[in-house]
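[1] Fold the following for me, if possible:
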Amino acid sequence: AMRQRLSEERLAGILQTARDAIVVAAAQHRIVLFNAAAEQAFGCPADVVRSQSVRRLMAPDTWRQYLEDVHELETRDGDHGPLVASTRTGEARHANGTKFPVECSISRAPDAGSGAFYTLILRDITDRLRESEALAQAHHEMQQMAHRFEEELLQAVERRQRHIARELHDAVGSAMAGVSLLLGGVRAQTLASSIGPAIEKAHEHILRTTDLVREISRGMVPAGTERGALLQALEQFAHTLTEVNGVTSSVRARGSLDQVEPDVATHVYRIVQEAATNGMRHGGADVLRIHVAQVGECWRVTVLDNGSGCDPEKLTRMNAGMGIRSMHARARAIGARLELRLRPRGGCRVRLTWTQPARAAMEPPALARHTA
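    Residues are numbered from 1 along each chain as shown. From the prediction side, this is the model:
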């Protein structure tokens, strides 16, 4: 008896010095032990709660969880030692009525004389949750900052491209047009001389270059400032690919694109432009197909090529090229989903899907349109 009493006193001393709140309940969930950490956590002395139900320490939902764990432990075979239930999170009730979050684990130890004892180990996780919330808030703010930075960067790029386009059209285009006029005048005077063919060839080259500069300037400001310009811009882009790059290209459209806003149209055009460039430059493609469709309340643009294909995982890694990153940034800017896939028969498929405004969904679909 003396040895047992010493053992019990030693166990009680260990429980009293534990950092976590420990509550031991016996029959009818009555509290038989309430250590010092529990007194501090609940703001209540052990003498006040002893012999009372564990229920007074818990919020209703946590009490229900406790009963479920007790039931689970009672249905197990505990002949070979204590049984432990899964650790749960819940709410405990302070002596002043306030609630605080806790992490709680329950174990069951059988006793031959008086039934089973249930030991609850509770840990106040208020600080942990507060830190997690602060971390989540900081992460959210960083994402917002990154998103704003992307938007500002894309806007700056668009402004710069518009400026370059104006310079190409106004300054370079005008200068080349002046040179073309001069060559035209010289050609009229030298057709009979030996340098006539050379002047004629130079004049033709200047005309072609002037047209190319105009095509480039149009491509840098593709969708204009009004709605409904996206399809026309894509058709002009496909025409330029065929004329300038010698690539077989086509555009197929189903549904109406008349309600696409200019800023959205610009991002879509740039993604198509980058997808086509990647297909030609990295995949060696010489056939490009652009499909545009209105599907229910969504719009979808797909770029297909016959190149050597792409590695989607490699393209989406952090070390992806600037072009791929800009495609993803533009997709995020308009709330679109961007997919890059290998085609079963070779080549790459780039698909962009975004939700269309409700007013556009009410428009009757236009007839299918195909240009090559």
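[2] Flag the shaky bits of the stretch 251-372 of the chain, pLDDT-wise.
    Applying pLDDT under 70 to the stretch 251-372 of the chain picks out residues 311-322, 356-372.
[3] how about Gly284, secondary structure?
    coil (DSSP: H, G, I helix; E, B strand; the rest coil).
[4] Backbone dihedrals for it, please?
    phi 70, psi 30 (degrees, to the nearest 10).
[5] and the closest residue in space to it that isn't next to it in sequence, what does it touch?
    Closest residue to Gly284 apart from its sequence neighbours, by C-beta to C-beta, 6 or more residues apart in numbering: Gly307 at 5.1 Å. Placement of C-beta: from N, CA and C, glycine included. Neighbouring residues of Gly307 by C-beta atoms under 8 Å, 6 or more residues apart in numbering: Gly279, Met280, His282, Gly283, Gly284, Ala285, Gly346, Gly347, Cys348.
[6] Could you do Ser249 as well?
    Here Ser249 is in contact with Ala238, His239, Leu241, Thr242, Ala276, Val287, Leu288, Arg289, Ile290, Ala372 (C-beta under 8 Å, 6+ apart).
[7] Output the helix or strand where Ser249 lies in CSV with nothing but the alpha carbons.
    Element membership of Ser249, judged by DSSP states H and E, is strand 248-254. Taking Å, rounded to 0.1, in the frame of the first residue of the first chain, the C-alpha atoms of strand 248-254 are listed here in CSV:
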residue,chain,number,x,y,z
THR,A,248,0.4,27.8,-93.5
SER,A,249,-2.0,29.4,-91.0
SER,A,250,-5.8,29.6,-90.6
VAL,A,251,-8.4,31.0,-88.3
ARG,A,252,-11.7,29.3,-87.5
ALA,A,253,-14.3,31.1,-85.4
ARG,A,254,-17.6,29.8,-84.0
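[8] buried set for that strand?
    By neighbour count on 16 or more other C-beta atoms under 10 Å, the buried set for strand 248-254 is Ser249, Ser250, Val251, Ala253, Arg254.
[9] how about those residues in TSV, adding distance to Leu57?
    Converted to TSV, the buried residues of strand 248-254 look like this (distance: C-beta to C-beta, whole Å):
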residue	distance to Leu57
Ser249	72
Ser250	72
Val251	69
Ala253	67
Arg254	65
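[10] Counting neighbours, what do you get for Ile106?
    A total of 24 residues lie near Ile106 under the criterion other C-beta atoms under 10 Å.
[11] That one contacts His71, doesn't it?
    No. In this structure, Ile106 is not within contact of His71 by C-beta atoms under 8 Å, at 11.0 Å.
[12] part of a strand, is the residue nearest to Gly284?
    No. Under three-state DSSP, Gly307 falls outside any strand and is assigned coil.
[13] Look up phi and psi at it.
    Main-chain torsions, Gly307, degrees, to the nearest 10: phi -80, psi -160.
[14] Can you show me the helices along the stretch 1-150 of the chain?
    2-17, 36-42, 46-49, 60-74, 126-167 (DSSP state H, counting those that start in this stretch).
[15] quick one, which of these is nearest to Leu231?
    Nearest to Leu231, of all those, is helix 126-167, at 19.8 Å by C-beta to C-beta.
[16] Quick one: mean pLDDT over the closest one.
    Mean per-residue pLDDT for helix 126-167: 77.
[17] Tell me the helices and strands packed up against that helix.
    strand 99-111, helix 196-220, helix 322-333 (3 or more C-beta pairs under 8 Å, 6 or more residues apart in numbering; DSSP states H and E).
[18] Mind telling me which of those the model trusts least?
    helix 196-220 (a mean of 66).
[19] Next secondary structure element downstream of it?
    For helix 196-220, the following helix or strand on the C-terminal side (DSSP H and E) is helix 230-245.
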